[in-house]
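Trainee: quick one: sequence plus predicted model below, questions after.
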Amino acid sequence: MLQTTILAVAVFGTTAAAELYGFEDDLDKLFGGPPPPPAPPAFGFNLNHGNWMVLQQAPAKSAVYGTLGVGGTAVKVSMCADNGGAPCNTIDAKINATHQPVGYQDPNGVPFPVTASWKALLPPMPAGGSFTITATCTGCTDVNKTITLTNVTFGDMWYCSGQSNMWLPVQYSFSRNESLAAVQAGKYNNIRGIFAPSATTYQLGNQWMTARQAASDGTTENPTYSLFQMGATCWYFAQKLAESGVTTPIGIADTAIGGQRIEEYMDNSSIGTCSNRSGETSPLSPWDGQLFAKLVIPFVDMTVKGWVWYQGENNMGAVKGSSTHDIGYSCEQRVLVEGWRKIWSDEPGTTDPMAPFGVVTLASSGAEGADNAMGAMRVAQTAGYGVLPNPAMPNTFMAQAYDLDDQWGPAAGPCFSTWQCCSKTGGPIPPPPPGPPPPNTSAPINCHQSDWLVGTDFHTGVDLGTAPGKSPGDCCTQCSSAPLLKKGCKFFTFVNATSTAPSACWFKRSNGGQRHLPNVVSGSIYPPGSPPPPSPPKCTPEYAEKCKLACSAAADTVTKGGIHPRDKKPVGDRLGTAAFNLVYGGKASYTGPTLSGCAVSGTTLSVSFNSSLLRGDHLVLQNYTSGLSFFEVQTEADDFCLEPRGGICPTWAGGTGKPTNASLDGGWVSLDIKLSSDGSMIEADLTPLAGKAPTAVRYAWNCINCCDPQDPNLYVTHPCGPASCPIMGSSIFPANPFLAKIVGGKCSCVPPQVC
C-alpha cells in the first residue's frame, strides 16, 4: 500500500492535480517524511511512445508528449513523411499541458520530482504513411536536446485494460500458435502494439513493434516471442478487426493487472457518484484510483479510437446494484465509461467524447465464490440493461463470456484428479517413491467439531466441486458420501452465507494453502491421528490412453488457474465482430438474441427476442441434454429478486424493500425448450409445473456449464467446447442472459431494462 500510494502521488506531481483527482500529495503526513529525491528526469517522450507506434488518424488530432527536463523553456516538434512527398509539419509544443506532468521512473515506485511536461498536437492525418517525429528542447541541460521517433504511422489506437483476464498473455491461450504462424506468413501486417507484459506498458519505453516484428524475436525451441506477451483478449480483438476487413493500421496497448477492483481504475472526482462500492469502510477507500493514477493517466493524452474493458472478478463479493439509482457496480461501470471519455476528450478535437467502449462480461469461473450473484453481475456490466449499447452506455459493445469458460476445465476431470494420469502441466504424474504399503484405512468418519479450524480456508487444496451446505457438519457429511469419497474427498471448507450468496461447501482432496478468512470453517472427515484415507485409483494403461487429449491440452497450453480460461480467441472474435459492425460500418449483428417479451398461453411459455438487434441473424437452438436448458421459471411471485440483500429484496432489484420470509431468488424450476414453428421464439412446456402459473423466467443466469456434467468422458476424451449453450444467434453471439417477472401472463423486466 505504501509503494502504490507513492506512485499515485508521483503521477500527478502537483497539488492542483492531486486535488483534481482526489489524491493526497502530503508525503510528510502520509509517510512521516518524503523519500530521497531521485535524479531529475531527462528531456524525452513519454514512456508509452516508441518507434513504430500508431497515432490516431483523422478526423482527430493526435498528440505526442513527454517530460521537459531541467532548464527547458520550449519544445518544437517536427513531423516529416519518410517518402519526402510533402513538407514537414512544425508545431510549437505547449508546456505543462498534459494530465500527467511526470510519470514513473522505475517499477520500484520511485517518483520523479515535480517537473514540467510538454505536449504537441499534430494536424489530423489520413491513415497510413511512415513518419519521423523530432522534438527539440530549448534551454534543456540534457545531453540529448533532440529526440526522435521513427516509422510512426496513423490509424486507429485502442486502449485495453482491466484485471487478470485482460492481462492473460497470448502465450496462455489455446490459439497462440495459429496466430503466430499467421503473422509469420504475412497476415495482420496492419497491427502494431506495445508488446510487453500489460502492467508494464507505461514504464518500459520504446516497446512498440509491428506484429511481424513481435513474431520474429523467438524460436520454436525458445518461444520468447514478444507477441506472446500481449494480453490475449486485446490481441485477438485487433486480429478479428483485421480479419473483418479493417485495413488501416491498428494500434493496441494493454495495461491490465490482476486482482483489482473497478474502483481502482476510476478517478476520485467521479467515483463518489456511486454508493455501496466494493471494499469500502469509509466514503473513499485509500486504494481507490490507484490504478487510474498508475496505468490510465499516462495514456489519457494519447488520442484513441476507443477502449476495451475486461474486469469484475474482484467485485463479485460486493453490491451489483442499479445504475439508475447510482448503486454498486452497475453505477460504477457507467461512471467509469463516462469518466474515461471525459478525461480523454478534455482537449477538443482529440479523442471523440463518445468514443466506442467495449466490455467483456464474466465467465462463470470468475465468480470468486459468489456463484449466485453472477447473473446480477453480468447485468451490472451493462448498467442494468442486459445489452450494449443502451441509453446509459451509448456507443458501447460487448462480448458475453458466460459460455467461454476453459474448454478443458482447466485441468478438470478424472485425468487430473481421480486417475492422476497427467498433471496440470500435461506430463504424467511421477510414480510415488518405493515404500511400505499404505496402512489399513478403515478409520471412522469424523463429523464432529473437535478438530475443525474456524476462520481457516484450505485455499489451494485440490477442489472437487462445491454444493449448497447448511453447516460444517453438513459439509463433512457430504464429503464422506460415497460419490465424493470415490473422488478422493478428504477435506472440506464451509463458507457461511453473505448478503450476496448463500452458504456453501467446498470439497477438497488436500488441505493446502491454509489462509485466514472470516465466515469459514474447514476440517477433515477423518479424526486426528487416523491413518490416511485410501488413495484414488492409479492411472492404468486404459486410463492413460483415454486421457491423451486432456494431458496434451494441458501440456501444450499451461493454465494460470481456473479463473483464467485459455479460450481467449472466441472472446476477441466476439469483441472484434461487435466493434466492426457497430463502429466500422459493418451491417451484421453486434449482439446476441436479446429478450423483448414473453407470453403465457395455456401450457406454453413463449419468449420473444428483439428482431432489430438481430440484424438479419436468426434464432438458433443448439442441442442440449434434457434438464440442462438453463431456462428456468419461478411459481411464487414473492421469491423474485434480481439481487437479494440480507433477507430483503431492494426495490431497485424488483422487490418491496422490506424484510421477508420468502425464498428470495429461490424456487427456480428448469424447463426444456424448443424453437417455435416459425423459428422466431423459444417455447417452454409448462406441464411440469402441475398447474401452477409461472411468475418469473430467466435464462443463463448464474454460474453455468453448458456441457453435461454427468458425461463420463467430459474433460477426458473431449472438452466442453466454447459456445455450447442452447440459445444462440446464427452468427457468433449467444443469447444475452435475462431475468424477468411474469405479470398477467407477460414479461416485466426490472428497470432500467425494458421488456
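Mentor: Good, I have the coordinates. Note that the coordinates shown come from a computational prediction; the quantities given were computed from them, not determined experimentally. Residues are numbered from 1 along each chain as shown.
Trainee: next, count neighbours for residue 146.
Mentor: 12 (other C-beta atoms under 10 Å). In short, each C-beta sits where N, CA and C put it, glycine included.
Trainee: now do residue 381
Mentor: 27.
Trainee: residues in contact with it?
Mentor: 312, 329, 333, 359, 361-362, 398 (C-beta atoms under 8 Å, 6 or more residues apart in numbering).
Trainee: next one: residue 413
Mentor: Neighbours of residue 413 in contact, by C-beta under 8 Å, 6+ apart: 550, 714-716.
Trainee: TSV please, covering these and showing secondary structure, pLDDT and distance to residue 324.
Mentor: TSV is the format used below for those (DSSP: H, G, I helix; E, B strand; the rest coil; pLDDT from 0 to 100; distance: C-beta to C-beta, whole Å):
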residue	secondary structure	pLDDT	distance to residue 324
550	helix	92	46
714	strand	93	41
715	coil	93	42
716	coil	93	47
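Trainee: quick check: phi and psi on residue 96?
Mentor: The phi/psi pair for residue 96 (degrees, to the nearest 10) reads phi 60, psi 40.
Trainee: quick one: pLDDT of it?
Mentor: Note on residue 96: pLDDT of 91.
Trainee: how far away is it from residue 118?
Mentor: Per C-beta to C-beta, to the nearest Å, residue 96 is found 8 Å from residue 118.
Trainee: between the two, which is the more surrounded one?
Mentor: Applying other C-beta under 10 Å to residue 96 and residue 118 shows that residue 118 carries more neighbours, namely 29 against 12.
Trainee: so who does that one touch?
Mentor: Residue 118 touches 65-68, 72, 75, 93-98, 135, counting by C-beta under 8 Å, 6+ apart.
Trainee: of the residues you listed, which is the most crowded?
Mentor: So for the contacts of residue 118 (other C-beta under 10 Å), the most neighbours sit at residue 75, 29 neighbours.
Trainee: can I assume that residue is in contact with residue 136?
Mentor: Yes. Counting by C-beta atoms under 8 Å, residue 136 is a contact partner of residue 75 at 6.9 Å.
Trainee: just checking, residue 523 touches residue 476?
Mentor: Yes. In this structure, residue 523 is within contact of residue 476 by C-beta under 8 Å, at 6.3 Å.
Trainee: and the helix or strand encompassing residue 177, C-alpha only, in CSV?
Mentor: Per DSSP states H and E, residue 177 falls inside helix 176-184. Only the C-alpha atoms of helix 176-184 are listed here, as CSV (Å, rounded to 0.1, in the frame of the first residue of the first chain):
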residue,chain,number,x,y,z
ARG,A,176,-1.4,-18.6,-29.9
ASN,A,177,0.5,-20.8,-32.3
GLU,A,178,-2.1,-20.4,-35.1
SER,A,179,-1.8,-16.6,-34.6
LEU,A,180,2.0,-16.8,-34.6
ALA,A,181,2.1,-18.8,-37.8
ALA,A,182,-0.4,-16.4,-39.5
VAL,A,183,1.7,-13.4,-38.6
GLN,A,184,4.8,-15.1,-39.8
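Trainee: where do the strands sit along the stretch 51-200 of the chain?
Mentor: Assigned by DSSP state E, counting those that start in this stretch, the strands in the stretch 51-200 of the chain fall at 54-56, 63-67, 74-81, 89-92, 94-95, 117-121, 128-138, 146-162, 191-194.
Trainee: could you list every helix and strand in contact with the fifth one?
Mentor: The criterion is 3 or more C-beta pairs under 8 Å, 6 or more residues apart in numbering; DSSP states H and E, and the helices and strands that strand 94-95 contacts are strand 117-121.
Trainee: need phi/psi at the closest residue in space to residue 601 that isn't next to it in sequence.
Mentor: Computed as C-beta to C-beta, 6 or more residues apart in numbering, the closest residue to residue 601 that is not its neighbour in sequence is residue 745, at 7.7 Å. Torsion angles at residue 745 (phi, psi; degrees, to the nearest 10) stand at phi 80, psi 10.
Trainee: doesn't residue 602 make contact with residue 745?
Mentor: No. In this structure residue 745 lies outside contact range of residue 602 using C-beta under 8 Å: 10.4 Å.
Trainee: for these two, indicate the residue with more neighbours.
Mentor: Applying other C-beta under 10 Å to residue 745 and residue 602 shows that residue 745 carries more neighbours, namely 12 against 7.
Trainee: what is the neighbour count of residue 555?
Mentor: Residue 555, neighbours per other C-beta under 10 Å, totals 15.
Trainee: do the same with residue 272
Mentor: 15.
Trainee: I'd like the numbering to begin with 122 instead of 1 from here.
Mentor: Understood, numbering begins at 122; the last thing we discussed is residue 393.
Trainee: would you verify that it is located in a strand?
Mentor: No. With DSSP: H, G, I helix; E, B strand; the rest coil as the criterion, residue 393 is helix rather than part of a strand.
Trainee: how close does it sit to residue 384?
Mentor: For residue 393, the distance to residue 384 - C-beta to C-beta - is 11 Å.
Trainee: what's the answer for residue 376, then?
Mentor: 16 Å.
Trainee: can you give me the pLDDT of the residue nearest to residue 722?
Mentor: 97.
Trainee: can you check the one 4 residues further on too?
Mentor: The model reports residue 870 with a pLDDT of 97.
Trainee: what's in contact with stretch 800-810?
Mentor: So stretch 800-810 is contacted by 721, 724-730, 732, 739-740, 742, 752, 754, 756, 790, 792-797, 815, 848 (C-beta under 8 Å, 6+ apart).
Trainee: now do 7 Å
Mentor: For stretch 800-810, contacts defined as C-beta atoms under 7 Å, 6 or more residues apart in numbering pick out 724-729, 739-740, 742, 752, 756, 790, 792-797, 815, 848.
Trainee: quick one: the helices in the stretch 522-671 of the chain, in order.
Mentor: For the stretch 522-671 of the chain, applying DSSP state H, counting those that start in this stretch gives helices covering 593-600, 603-608, 662-667, 669-677.
Trainee: quick check: buried residues in stretch 678-695?
Mentor: By 16 or more other C-beta atoms under 10 Å, the buried positions in stretch 678-695 come out as 678, 680-681, 683-695.
Trainee: between those residues, which is nearest residue 366?
Mentor: residue 694 (14.1 Å; C-beta to C-beta).
Trainee: re earlier: out of the contacts of stretch 800-810, which end up buried?
Mentor: So, by 16+ other C-beta under 10 Å, the buried ones in these are 726, 728-729, 740, 742, 752, 756, 792-794, 815, 848.
Trainee: which of those fall within strands?
Mentor: Among the buried ones among the contacts of stretch 800-810, DSSP state E puts 726, 728-729, 740, 742, 752, 794, 848 in strands.
Trainee: what's the farthest-apart pair in these?
Mentor: For those, and using C-beta to C-beta, no pair is farther apart than 726 and 740, which are 15.5 Å apart.
Trainee: buried ones in stretch 700-707?
Mentor: 700-705, 707.
Trainee: next: stretch 861-873.
Mentor: 861-863, 868-871, 873.
Trainee: got the residues you listed as JSON lines, with distance to residue 410 columns?
Mentor: Below are these laid out as JSON lines (distance: C-beta to C-beta, whole Å):
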{"residue": "861", "distance to residue 410": "36"}
{"residue": "862", "distance to residue 410": "38"}
{"residue": "863", "distance to residue 410": "43"}
{"residue": "868", "distance to residue 410": "40"}
{"residue": "869", "distance to residue 410": "38"}
{"residue": "870", "distance to residue 410": "34"}
{"residue": "871", "distance to residue 410": "31"}
{"residue": "873", "distance to residue 410": "27"}
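Trainee: tell me the contacts of residue 781?
Mentor: Counting by C-beta under 7 Å, 6+ apart, the residues that residue 781 touches are 759, 768-770.
Trainee: who touches stretch 760-769?
Mentor: Contacts for stretch 760-769 (C-beta under 7 Å, 6+ apart): 441, 494, 497, 620, 755, 770, 774-776, 778-781, 783-788, 816-817, 860, 862, 871.
Trainee: 8 Å instead?
Mentor: 440-442, 494, 496-497, 500, 620-621, 755, 770-771, 774-776, 778-781, 783-788, 816-817, 860, 862, 871.
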